[in-house]
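Visitor: Here you go, sequence then predicted model.
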Amino acid sequence: MSNPSTVARAVRNLRDGAATLPFFGYLAVFLFLPTVIVILGAFRTRDGVFTLEPMSRLLQPATLQIFLTTSWLSLASALIGAVVGGAAAYALSLTSITSTTRRVFTAVCSVLAQFGGVMLAFSFIAVLGKNGNLTRLLADAFHVVIPGDFLASVPGLIVVYSYFQIPLMVIVFLPAVDGLRVEWRDATANLGGSSLTYWARVAAPILAPSFLGCLLLLFANAFSAYATAAALISQRNIIVPMAIEGAIRNENNAGMDAYAQALATGMILVVALVMGGYTLIQRRASRWHR
Amino acid sequence: MRRRAWPSVVLLALVAIFLAYPLYALFEFSVRFPLTGNVSFDAWTKLFGGTDQSRLAPLYQGVVNSLLIAALTVTIMLALLVPTMIWVRLRLPRLSRIVEFCALLPLTLPAIVLVVGLVPIYRFISTSLLNTDAIWLCFAYVILVLPFAYRALDSGLSALDLETLATAARSMGASWPTVILRVVLPNLRTAIASAAFISIAVVLGEFTIARMLARETLQTGVMLVNQAAPQVAAAVSLLSLLFGIALLVGISFFTNRRPTR
């Protein structure tokens, strides 16, 4: 290999690489820089000196309680979402890919899962609020009274969160159940296995990693959600995203910026951990989807 | 068509009812007078008749802003992603894992965390570069739509034999810009359309960043109007959810025309 051609290749590689600069440059400004600002801010005083003070405030009982409530809310809604959504995804996988049921179902699920936190909150006010459809129905027919502040409580939030967790599970779990082959069921039957054998010994072990991965994804999704709670709850910061908002809005206390950044760093840690687990599991699960 | 047992049909129907019921309640809420239970379409006529200008102003402004932001976001997203993804596939395959990783990264970064870091950046943008106009939210929204758009474009690109297309065009003397603009792009139309649609849906539904940066969009507008006119807010919510569903059913007709397995 002669020297000039190596140089020429290096120059060409450099020129080829330059074409990706707008992409990476944009990400640097609007994705990496904000992340760095958050993380550095959590470890610096206003004068730029290194400190652990903001992060240590995460260990205060009140803040720990907020993280705990958020985790519990995320876990409960993720479990409900994973079980119900997983079953629905399986049922949906039995329909043909081009059927209208499937098209409409997946479209509705994508919208509910990603689109309208605020709007979903409003629709639940219409269901379970003071004048909600179901509230009136329960009161008239069964004399069950739903407390007026139900939607602003953690159990209320779990119900509303399920409304976007179940559809999200349908979307992310559908590829996994689509990967189940009819041949596997037939093979089990040919070998004398019952439907139960098929589920316990074939389908469940194949689906387990995907299911667990999707559960983690749902947890991270609920942990990050802000809009729904913001539309239902005012004045109280019961989940981490609301505590961050409170800290940013509080202009009287100069140390609050650092506190917001520390809370955000805490969130990054939790979500990164969960999503890291998701990626690892997903890689293992994808063996069956070739 | 595979086996279709009745339990699964029942289950799907139950889930469908759980998902549809709040939408129905939203409609009922928008037309029902809370105290008497009388039905009136006041909220809907106000919304479209423009008889309540002053109270609904934030909503109209929010809708206009959101549509402009959506258009800008889609433009920037396509300009950033399409050439880069084509180029990386053709010339820099070793970079493709890194590009994918970066494009999917925003999925793991909660919007509320992103906005904490964006506050100082937007302070700089609004004082030194541009102004506080809501349309500049598009810069942040490009990041939010990136993972969704990337997936849509990636599946479109995977279906093409990019290598052959490019080699053929190059051997006929086409320059790289010609290859990308006149040979590859026309073949990517459906992928670009679905990337644009999903981006529009995400932009119209975004609330966190707009609220924290105090900009007026569809979502923050609905939130404001909800205090003064909850029934109108319910009507708008229902309309935008239905619009989103229509948008995504549209995508499915673009992309799922034939089973790709």
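Guide: Noted; the coordinates are in hand.

Visitor: Quick check: A:Phe223 vs A:Thr279, distance?
Guide: 16 Å (C-beta to C-beta, to the nearest Å). Bear in mind the C-beta positions are built from the backbone N, C-alpha and C, glycine included.

Visitor: low-confidence ranges in the chain?
Guide: In the absence of a named chain, chain A is used. In the predicted model, chain A carries pLDDT under 70 at residues A:1-4, A:116, A:251-256, A:285-290.

Visitor: wait, I meant chain B there
Guide: B:1-5, B:34-37, B:49-55, B:254-261.

Visitor: can you rerun that using 80?
Guide: B:1-8, B:32-58, B:128-135, B:228-229, B:248, B:250-261 (pLDDT under 80).

Visitor: Flag every residue of the stretch 51-200 of chain B that's near chain A.
Guide: B:76, B:79-81, B:83-84, B:87-88, B:91-92, B:95, B:99, B:102, B:105-114, B:116-121, B:139-140, B:142-143, B:148 (C-beta under 8 Å from any C-beta of the partner chain).

Visitor: now with 6 Å?
Guide: B:80, B:84, B:87, B:91-92, B:102, B:108, B:110, B:112-114, B:116-118, B:139, B:143 (C-beta under 6 Å from any C-beta of the partner chain).

Visitor: And what about A:Gly48, helix, strand or coil?
Guide: Of the three states, A:Gly48 takes coil according to DSSP: H, G, I helix; E, B strand; the rest coil.

Visitor: Pick the one among the residues of the stretch 51-200 of chain B next to chain A closest to B:Gly244.
Guide: B:Ile143 (20.3 Å; C-beta to C-beta).

Visitor: And that closest one, which helix or strand is it part of?
Guide: helix B:138-158 (DSSP states H and E).

Visitor: how about A:Leu112, what does it touch?
Guide: By C-beta atoms under 6 Å, 6 or more residues apart in numbering or on different chains, the contact set of A:Leu112 is A:164, A:167.

Visitor: mind listing the helices for the stretch 101-250 of chain A?
Guide: A:117-128, A:133-142, A:154-178, A:182-190, A:195-197, A:204-224, A:227-232, A:240-249 (DSSP state H, counting those that start in this stretch).

Visitor: circling back to that earlier point, with neighbour numbers in mind, choose between A:Phe223 and A:Thr279.
Guide: Set A:Phe223 next to A:Thr279 and count neighbours by other C-beta atoms under 10 Å in any protein chain shown: A:Phe223 wins out with 23 against 15.

Visitor: Quick check, the more buried one in contact with A:Leu73.
Guide: No: using C-beta atoms under 6 Å, A:Phe223 is not in contact with A:Leu73, being 8.5 Å away.

Visitor: Nearest to chain A: which residue in the stretch 51-200 of chain B?
Guide: B:Gly117 (2.6 Å; C-beta to the nearest C-beta).

Visitor: that's a helix at that residue, yeah?
Guide: Yes: the assignment for B:Gly117 is a helix, going by three-state DSSP.

Visitor: Just give the nearest non-adjacent residue to it, would you?
Guide: In this structure, B:Gly117 finds its nearest non-sequential neighbour in A:Pro34, 2.6 Å apart by C-beta to C-beta, 6 or more residues apart in numbering or on different chains.

Visitor: Which secondary structure element is home to the one you found?
Guide: Judged by DSSP H and E, A:Pro34 forms part of helix A:33-41.

Visitor: Report all helices and strands that that helix contacts.
Guide: helix A:256-285, helix B:111-124 (3 or more C-beta pairs under 6 Å, 6 or more residues apart in numbering or on different chains; DSSP states H and E).

Visitor: Just name the most buried of these.
Guide: helix B:111-124 (a mean of 22; mean count of other C-beta atoms under 10 Å in any protein chain shown).

Visitor: what comes into contact with it?
Guide: With C-beta under 6 Å, 6+ apart, helix B:111-124 has contacts from A:34-35, A:37-38, A:226, A:241, A:244, A:260-261, A:264, A:267-268, B:140, B:208-209, B:212-213.

Visitor: and A:Val84, what does it touch?
Guide: Counted by C-beta under 6 Å, 6+ apart, A:Val84 has contacts A:Ile166.

Visitor: List the buried residues of the helix or strand containing it.
Guide: Using DSSP H and E, A:Val84 maps to helix A:61-93. Across helix A:61-93, burial judged by 16 or more other C-beta atoms under 10 Å in any protein chain shown covers A:63, A:66-67, A:69-71, A:73-82, A:84-93.

Visitor: hey, C-alpha coordinates of stretch B:65-79 in CSV?
Guide: This file holds the C-alpha atoms of stretch B:65-79, laid out as CSV (Å, rounded to 0.1, in the frame of the first residue of the first chain):
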residue,chain,number,x,y,z
ASN,B,65,-48.4,28.4,16.1
SER,B,66,-48.6,24.6,16.3
LEU,B,67,-49.2,24.2,12.6
LEU,B,68,-46.3,26.6,11.8
ILE,B,69,-44.1,24.8,14.2
ALA,B,70,-45.1,21.4,12.7
ALA,B,71,-44.2,22.7,9.2
LEU,B,72,-40.8,24.0,10.3
THR,B,73,-40.1,20.9,12.3
VAL,B,74,-40.8,18.6,9.4
THR,B,75,-38.7,20.7,7.1
ILE,B,76,-35.7,20.8,9.4
MET,B,77,-36.1,17.1,10.2
LEU,B,78,-36.2,16.0,6.6
ALA,B,79,-33.2,18.3,5.7
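
Visitor: still on that earlier bit, as TSV, the helices of the stretch 101-250 of chain A with distance to chain B would be great.
Guide: What follows is the helices of the stretch 101-250 of chain A, written out as TSV (distance: least, C-beta to the nearest C-beta, whole Å):
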stretch	distance to chain B
helix A:117-128	4
helix A:133-142	4
helix A:154-178	7
helix A:182-190	5
helix A:195-197	10
helix A:204-224	3
helix A:227-232	4
helix A:240-249	4
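
Visitor: Deepest-packed of the ones you listed, please.
Guide: helix A:117-128 (a mean of 27).

Visitor: Using CSV, list the CA coordinates for that helix.
Guide: C-alpha atoms of helix A:117-128 as CSV (Å, rounded to 0.1, in the frame of the first residue of the first chain):
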residue,chain,number,x,y,z
GLY,A,117,-51.2,13.8,27.7
VAL,A,118,-53.4,16.9,28.3
MET,A,119,-56.2,15.7,26.2
LEU,A,120,-56.2,12.3,27.8
ALA,A,121,-56.4,14.0,31.2
PHE,A,122,-59.5,16.0,30.0
SER,A,123,-61.2,12.9,28.7
PHE,A,124,-60.8,11.3,32.1
ILE,A,125,-62.2,14.4,33.7
ALA,A,126,-65.2,13.7,31.5
VAL,A,127,-65.3,10.1,32.7
LEU,A,128,-64.4,10.2,36.4
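
Visitor: re the thing from before, counting by contacts, list what the next helix or strand after the helix holding B:Ile143 packs against.
Guide: Toward the C-terminus, helix B:138-158 is succeeded by helix B:162-171 as the next helix or strand (DSSP H and E). Taking 3+ C-beta pairs under 6 Å, 6+ apart as contact, there are no helices or strands that helix B:162-171 lies on.
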